[in-house]
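# No sequence on hand, only this structure:
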């Protein structure tokens, strides 16, 4: 399977799982926000590649990186990258 096929499968799986209320709850507690920029990453993808996409995607606010982790219970991990507003 090519990297682009795996990425397509990851995006499709994420969209499908977002229809499940339990997964949405998990995603929210893990940092996912539907109004934020989102970057999909593959589990073994070099971090530099992911950060390059974060830089391209970001409008200056935080970006949520969704890491596709097939074979794990939830299938995804979430990482917030970028500045947080001052409290």
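Good, I have the coordinates. Here the structure is a predicted model, which means the values were calculated and not measured.
# for this structure, which helix is longest?
If you go by DSSP state H, the chain has its longest helix at helix 3-17.
# Now do that one: which elements does it pack against?
When contacts are defined as 3 or more Cβ pairs under 8 Å, 6 or more residues apart in numbering; DSSP states H and E, helix 3-17 sits against strand 37-42, strand 63-68. Glycine gets a C-beta too; all of them are placed from N, C-alpha and C.
# Run me through the strand neighbours of the first one, direction for each.
So the one you mean is strand 37-42. strand 63-68 (parallel) (DSSP bridges).
# Tell me the helix or strand right after the strand it pairs with.
Using DSSP states H and E, the next helix or strand after strand 63-68 towards the C-terminus is strand 76-81.
# quick one: that next one to strand 63-68, angle?
Here strand 76-81 points in a direction 160 degrees away from that of strand 63-68 (axes from the mean of the first three to the mean of the last three Cα atoms, to 10 degrees).
# what lines up beside strand 76-81 in the sheet?
Here strand 76-81 is paired, per DSSP bridges, with strand 63-68 (antiparallel).
# now the partner strand and helix 3-17, what's the angle there?
Using the same axes, to 10 degrees, strand 63-68 lies at 100 degrees relative to helix 3-17.
# winner for burial among the helices and strands packed on helix 3-17?
strand 63-68 (a mean of 21; mean count of other Cβ atoms under 10 Å).
# who touches it?
With Cβ atoms under 8 Å, 6 or more residues apart in numbering as the test, strand 63-68 has contacts from 6-7, 10, 13-14, 31-33, 36-43, 50, 54, 57, 75-82.
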